[in-house]
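In: need a 3D model of the sequence below.
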Amino acid sequence: MKNIKKFLIVILAIIAMFSFSMFFACDCGGDDTGSGNPNTPSNPSNPDNPDDPGTNPDDPGTNPDDPGTNPDDPGTNPDDPGTNPDQPGKDPNDNTTFKVIYFENSTIDVVVGEEKYITVRKGDVSSNLTVKYSSSNESVVSVDKLGKITANAKGSAIITAQVNDFKAKCTVNVTHGNYKPSLVIDNLANNTFVVPANTTYGFNPYVLFNGKVFNNATLTVEAGEGISASVVEKNGLAFVDVTAGAVKGNYDLTVKASWDGVSNIPALTKTINVKVIGEVKLYVTDLLGLNSISNVTIYNSAVETLNGLTSKNADFKVVAENTTAIPTVEIADNSIATYNATTNQIEGTGKLGSTTATVSVTNNDGEVFSLVIPIECKRAVGDYMNSEKTDYY
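Out: All right, here's what the predicted structure looks like:
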């Protein structure tokens, strides 16, 4: 009996100690989720209880300051470049975004006449995005759609590369470097320009720089007695027209150029000899001299004769004025036509085809003048019914 009483006392003591400890924990801890705290629910996952730590705003799992769900978190921040619809690098037709485009070099130094491609870099961008290029001064530096720049004149220009609304800029500085411009006049034999008396001939001087031709020089001329000269524009190019007087002889003509800020240097000045020769007028007419001839057409006849086919002749009278020299006529293909100096006629051989007659004359000063007349031998209209001899009609 005593043993039973002792056992019950021990059990009651244990229960009392457990109850005391539970009370102490709920009353003093305050954060326990157990049912002993009257301020906290027994269900820790009750979604309706704002104090339930499962939805407690102080709980890091749902804390608005927690980066996982914080609206200021870059992962869902509307200002984040990854999802921002206003991000300038975003192509609405491309799924790839990028943060920047830039030139490989922000400043480039080139020489007038130089051409080169400038490199633009695109960070994290698909290659199908088109870059558009522009220049702030095309007269100094021009740029094509592929990014190739051409240095046109001394100075500076800003090249802009643009993808959608995003832009990058590069400054291009153009200098003359160590090169010097020079004035060039082509087709001068022994630095001499030949002009017949009382006529006007022209030539196109240009500037050569860095291996490139420039036709934008400002030209001035100084002509000696016996000739006159002027600078005129023809098809956008500057020409020097030289008009010879009636007096034959040699006269000086000085041409000066000013180009891209450079002038008054020996390389941009040329003095040439203008040789005025006797005026010769060379042309071809009919036998009566009434009609000028610029081409000859012969209609062959297919009528059979003892000597074969006959053909029609064409008048071909050569006239050379202001010279006592006798003109010459050469037919390029004598199997088609020949020239008869006695009758002043071109005679067809009866064979169809085309050739030319070159008329030349040498004046009293030893100068040669020439012209070329086309010749065509056709089938006569009345012979179209006869098709037996295919080589001769």
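
In: all strands for the stretch 151-300 of the chain, in order.
Out: With DSSP state E, counting those that start in this stretch as the criterion, the stretch 151-300 of the chain has strands at 155-163, 166-175, 182-184, 192-196, 200-203, 206-209, 212-214, 218-223, 227-234, 237-244, 249-258, 269-277, 281-285, 296-305.

In: partner strands of the third one, with direction?
Out: In other words, strand 182-184. Strand pairing for strand 182-184, using DSSP bridges, gives strand 206-209 (antiparallel).

In: what comes into contact with the top strand by length along the chain?
Out: In the chain, assigned by DSSP state E, the strand with the most residues is strand 368-379. Contacts to strand 368-379, defined as C-beta atoms under 8 Å, 6 or more residues apart in numbering, come from residues 280, 282-284, 293-300, 302, 311, 316, 320, 331, 336-337, 346, 348-349, 351-363, 393. C-beta: built from backbone N, CA, C; applies to glycine.

In: please pick the buried ones from the residues you listed.
Out: In the contacts of strand 368-379, burial by neighbour count holds for 280, 282, 284, 293, 296, 298-300, 302, 311, 316, 320, 331, 336-337, 346, 348-349, 351-352, 355-357, 359-363, 393, counting by 16 or more other C-beta atoms under 10 Å.

In: remind me which residues of the chain are low pLDDT?
Out: Low-confidence segments of the chain, defined by pLDDT under 70: 1-6, 10, 16, 18-100, 123-128, 301-311, 364-365, 380-393.

In: what's near enough to touch the spatially closest residue to residue 102 that is not a sequence neighbour?
Out: Computed as C-beta to C-beta, 6 or more residues apart in numbering, the closest residue to residue 102 that is not its neighbour in sequence is residue 168, at 5.0 Å. Contacts for residue 168 (C-beta under 8 Å, 6+ apart) come out as 101-103, 120, 160-162.

In: hmm, back to that, what residues sit buried inside the longest strand of the chain?
Out: Here strand 368-379 shows 369, 373, 375-379 as buried, counting by 16+ other C-beta under 10 Å.

In: could you do stretch 202-220 as well?
Out: 202, 204-210, 214, 217, 219.

In: other residues contacting that stretch?
Out: Under C-beta under 8 Å, 6+ apart, the answer for stretch 202-220 is 111-114, 176-177, 179-187, 193, 231-232, 234, 236-242, 255-260, 268, 270.

In: could you work out the end-to-end span of it for me?
Out: Terminal residues of stretch 202-220 lie 14 Å apart, using C-alpha to C-alpha, to the nearest Å.

In: before we move on, what about stretch 149-161?
Out: Stretch 149-161 has an end-to-end distance of 12 Å (criterion: C-alpha to C-alpha).

In: mind listing what's buried along it?
Out: Under the neighbour-count criterion of 16+ other C-beta under 10 Å, stretch 149-161 has 149-153, 155, 157, 159, 161 buried.

In: now the residues you listed in TSV, with distance to residue 172?
Out: Converted to TSV, the buried residues of stretch 149-161 look like this (distance: C-beta to C-beta, whole Å):
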residue	distance to residue 172
149	6
150	10
151	7
152	11
153	12
155	9
157	5
159	6
161	12
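
In: farthest-separated two in those residues?
Out: Taking C-beta to C-beta as the measure, those span a maximum distance of 22.0 Å, between 153 and 161.

In: just the helices in this structure please.
Out: 2-29 (DSSP state H).

In: check contacts around residue 339.
Out: So residue 339 contacts 316, 329-331, 345-347, 357 (C-beta under 8 Å, 6+ apart).

In: what sits closest to it if chain neighbours are left out?
Out: Distances taken as C-beta to C-beta, 6+ apart place residue 329 nearest to residue 339, at 4.4 Å, with adjacent residues excluded.

In: is it true that that neighbour touches residue 359?
Out: Yes. Here residue 329 reaches residue 359: they are 5.4 Å apart, a contact under C-beta atoms under 8 Å.

In: great, nothing more from me.
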